[in-house]
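Novice: sequence unknown, structure follows:
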């Protein structure tokens, strides 16, 4: 499907929707799914949201913005999901039944019957904003809060390289819906739990530099999280820590997920492609923000990544 | 002077300008002064900028965006200066000669012959953006970069409580001037010098909580800065550290400036007025971001502030 007009028509022609967001939902996953759900409900349709993991605490208030009802859905939509594997194990049974995928990841795997991909959008919420307007639905304060959270979190509060003038214009229009802007910004971007400060200090102590400081690696183990009282996936910004250090072109975050299981996030400066590195190890993502999972010995994994980086990038 | 139209007329009727920015210049001081200077120069006028301190390294490239010439100025303009004392010692001789002040601080002391104050603007650059348009000058890429730096830094990259839809619209329009957005955002908001990481760890170690965690104080001494290789005023974000900790309503940063001389920055949540606290001690600023200087014994100063806060706010 190539246009928002087509999608709008398709959505209007159906009545009972299930919207899927990815596992470990972030602000954009939660925001875009809830905005679309509320928009469809406001059109008199039935819509619900399914995602493998719980919504992070700071976004939980968005759950109150939709009606929660049980029904048999007939049209399955994913938002912000590049790869159907990101549905997670418990939702895997839907993976070959997705009718429509709305996404902004250039690496989208086209797993759905129809896909609307706009890789120029900084967030899925930017697309959903246009879609709701296209459907002729008035964006109310609640939808605007959902969308603002998506737009702002997926751009690191308007600072990442994906930001365009469109991102700011959408933000301006959402702010004019009288959203609780100060409260939301404070909650999401200007509030650091004491436990995160503790964790950050541990993380900085784990920091290692390679290739004359052009590559930095941090380690996060379940023990570190536990000792600070931080839950898995509660600290979204973790992966951006090493890349944001001056001079670092490749920032790697290795998170131990279990015995011999690791999630590796790669963030790069414009000079280096993170998605290329991650593809090499069976993962993917955006050009400067990608990831993959690894099972085995941590030392092997680390050595393999560093070898690859040395050979392909710094030799 | 009440309207931008009046200011535009006045500026058009003069030829040789001196623009003043405040001491310890931040992104908005540098950005707004350089944008205005370039705009006036593009109109065939002579304009120069004076400020007590050197421009921070990350904004230095803006100096190349203006012509540097020596001449006798006849019209003196301050931008982003609420109190003429902020000119600094070396420029104090101009303090009673300012023809026009363009500012966005609600605490502006009306020291100039004429003042254009728009306290709804998140930054002086937001006002200068409107003014340049009002003067009929085409905002080029260079002016846009100056203004974007002002708009973005004074709002903590669009996250502080001063942000409005206007802020985002101005940002969108500046981005459309083809500014080096990714480069600027990375440079200013997404690059943490290694020395700042070291300093942050020292600062977190100095952190003290009061009134059930509602007030947090950090200390920064010249020795701490020296041991990390950080220069005075190089680390703009310092003052926002304590307030951004979860649960903190009043964040106080005490920076020792010399023997018995302290600069105290107060950042507050919406519930508490920082400028009220600082006025008490002879300072001022914005409602949630203010400061004052103190000479004497640190313990006395600390005790006085905490006493005041206890009596006036938490009793």
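Specialist: On my side now, so go ahead. The shown structure was predicted, so the numbers you read here are calculated from the model rather than taken from an experiment.

Novice: any idea how far the closest residue to residue A:74 other than its chain neighbours is from chain B?
Specialist: Excluding the flanking residues, the one nearest residue A:74 by C-beta to C-beta, 6 or more residues apart in numbering or on different chains is residue A:16, at 4.8 Å. Every residue, glycine included, has its C-beta placed from N, CA and C. Noted for residue A:16: a distance of 36 Å to chain B, by C-beta to the nearest C-beta, to the nearest Å.

Novice: My read is that residue A:16 contacts residue A:40, right?
Specialist: No - between residue A:16 and residue A:40 there is no contact under C-beta atoms under 8 Å: 9.6 Å.

Novice: what bridges to the residue nearest to residue A:74?
Specialist: Counting by DSSP bridges, residue A:16 is bridged to residue A:46.

Novice: Contacts only, for it.
Specialist: A:45, A:46, A:47, A:71, A:72, A:73, A:74, A:75 (C-beta atoms under 8 Å, 6 or more residues apart in numbering or on different chains).

Novice: cutoff 6 Å now
Specialist: A:46, A:71, A:73, A:74 (C-beta atoms under 6 Å, 6 or more residues apart in numbering or on different chains).

Novice: what about the strands in the stretch 201-315 of chain A?
Specialist: Secondary structure of the stretch 201-315 of chain A (DSSP state E, counting those that start in this stretch): strands located at A:208-210, A:215-220, A:250-258, A:261-268, A:284-285, A:289-295.

Novice: Which secondary structure elements does the longest one sit against?
Specialist: This points to strand A:250-258. With contacts taken as 3 or more C-beta pairs under 6 Å, 6 or more residues apart in numbering or on different chains; DSSP states H and E, strand A:250-258 sits against strand A:215-220, strand A:261-268.

Novice: one more time with 8 Å
Specialist: strand A:215-220, helix A:222-228, strand A:261-268, helix A:298-312 (3 or more C-beta pairs under 8 Å, 6 or more residues apart in numbering or on different chains; DSSP states H and E).

Novice: Check which residues of it are buried.
Specialist: Under the neighbour-count criterion of 16 or more other C-beta atoms under 10 Å in any protein chain shown, strand A:250-258 has A:250, A:251, A:252, A:253, A:254, A:255, A:256 buried.

Novice: next one: stretch A:135-154
Specialist: For stretch A:135-154, a neighbour-count test (16+ other C-beta under 10 Å) marks A:135, A:137, A:139-140, A:142-154 as buried.

Novice: thinking again about what came up before, how about the helices and strands packed on strand A:250-258, which one is nearest residue B:53?
Specialist: strand A:215-220 (32.0 Å; C-beta to C-beta).

Novice: and the angle from the closest one to strand A:261-268?
Specialist: Strand A:215-220 runs at 150 degrees relative to strand A:261-268, counting by axes from the mean of the first three to the mean of the last three C-alpha atoms, to 10 degrees.

Novice: Parallel or antiparallel, which strands does strand A:215-220 pair with?
Specialist: In the sheet, strand A:215-220 lines up with strand A:208-210 (antiparallel), strand A:250-258 (parallel) (DSSP bridges).

Novice: For chain B, what is the nearest residue in the stretch 201-315 of chain A?
Specialist: Nearest residue of the stretch 201-315 of chain A to chain B: residue A:246, at 4.4 Å (C-beta to the nearest C-beta).

Novice: Which residue comes closest to that residue once chain neighbours are left out?
Specialist: Residue A:246 sits nearest to residue B:193 (C-beta to C-beta, 6+ apart), 4.4 Å away.

Novice: Tell me, how many residues neighbour residue A:165?
Specialist: Neighbour count of residue A:165, defined by other C-beta atoms under 10 Å in any protein chain shown: 17.

Novice: The residue nearest in space to the middle of chain A and residue A:55, how far apart?
Specialist: Geometric centre of chain A, nearest residue: residue A:26, 4.8 Å, by C-alpha atoms, centre = their mean. Look at residue A:26 and residue A:55: by C-beta to C-beta, to the nearest Å, they are 10 Å apart.

Novice: now do residue A:87
Specialist: 16 Å.

Novice: Those two: which has the busier surroundings?
Specialist: The neighbour count for residue A:87 versus residue A:55, taken as other C-beta under 10 Å, is higher for residue A:87 (23 against 18).

Novice: Same list (the buried residues of strand A:250-258) but as CSV, adding pLDDT.
Specialist: Below are these laid out as CSV (pLDDT from 0 to 100):
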residue, pLDDT
A:250, 95
A:251, 95
A:252, 95
A:253, 94
A:254, 92
A:255, 90
A:256, 89
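
Novice: Those: which two are farthest apart?
Specialist: A:250 and A:256 (19.9 Å).

Novice: and residue A:20, which of the helices and strands packed on strand A:250-258 is closest to it?
Specialist: Among the helices and strands packed on strand A:250-258, the nearest to residue A:20 by C-beta to C-beta is strand A:261-268 (20.6 Å).

Novice: thinking again about what came up before, OK, contacts around the residue of the stretch 201-315 of chain A closest to chain B?
Specialist: Residue A:246 makes contacts with B:191, B:192, B:193, B:194, as judged by C-beta under 8 Å, 6+ apart.

Novice: Dump those to JSON lines, plus pLDDT and secondary structure.
Specialist: Supplementary listing: those in JSON lines, determined by pLDDT from 0 to 100; DSSP: H, G, I helix; E, B strand; the rest coil:
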{"residue": "B:191", "pLDDT": "85", "secondary structure": "coil"}
{"residue": "B:192", "pLDDT": "86", "secondary structure": "strand"}
{"residue": "B:193", "pLDDT": "86", "secondary structure": "coil"}
{"residue": "B:194", "pLDDT": "88", "secondary structure": "helix"}
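
Novice: ChimeraX command to pick out the buried ones of the residues you listed?
Specialist: Buried subset of the contacts of residue A:246, written as a ChimeraX selection, criterion 16+ other C-beta under 10 Å:
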select /B:191,192,193,194
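
Novice: Residue A:262: which of the contacts of residue A:246 is nearest?
Specialist: Checking these against residue A:262 by C-beta to C-beta gives residue B:192 as the nearest, at 24.8 Å.

Novice: In contact with residue A:268, which residues?
Specialist: Counting by C-beta under 8 Å, 6+ apart, residue A:268 touches A:243, A:249, A:250, A:251, A:274, A:277, A:287, A:288, A:289.

Novice: Tell me the confidence at it?
Specialist: Residue A:268 carries a pLDDT value of 93.

Novice: Okay, and the beta partners of it?
Specialist: Bridge pairing for residue A:268 (DSSP bridges) gives the partners residue A:250.

Novice: Could I get the full set of helices for chain A?
Specialist: Using DSSP state H, the helices found in chain A span residues A:4-12, A:27-42, A:124-134, A:141-153, A:165-175, A:181-189, A:194-206, A:222-228, A:274-280, A:298-312.

Novice: Quick one: list the elements packing against the second one.
Specialist: If I follow you right, that is helix A:27-42. strand A:16-20, strand A:46-50, strand A:75-79, helix A:124-134, helix A:141-153.

Novice: so how far is the longest one from its chain's centroid?
Specialist: Relative to its parent chain, helix A:141-153 has a centroid offset of 14 Å by C-alpha atoms, centre = their mean, to the nearest Å.

Novice: Okay, angle between it and helix A:181-189 too, please.
Specialist: Using the same axes, to 10 degrees, helix A:141-153 lies at 40 degrees relative to helix A:181-189.

Novice: domains for chain A, by residue range?
Specialist: Per automatic domain parsing, the structural domains of chain A span A:4-189, A:194-312.

Novice: between these, which gets nearest to residue B:95?
Specialist: domain A:4-189 (35.0 Å).

Novice: Can you name the residues that contact the residue lying closest to residue A:263 once chain neighbours are set aside?
Specialist: The spatially closest residue to residue A:263, leaving aside those adjacent along the chain, is residue A:255, at 4.7 Å (C-beta to C-beta, 6+ apart). Contacts for residue A:255 (C-beta under 8 Å, 6+ apart) come out as A:219, A:220, A:221, A:238, A:262, A:263, A:264, A:265.

Novice: before we move on, what about residue A:125?
Specialist: If you count contacts by C-beta under 8 Å, 6+ apart, residue A:125 has them with A:28, A:31, A:32, A:35, A:146, A:147, A:148, A:149, A:150, A:151, A:154.
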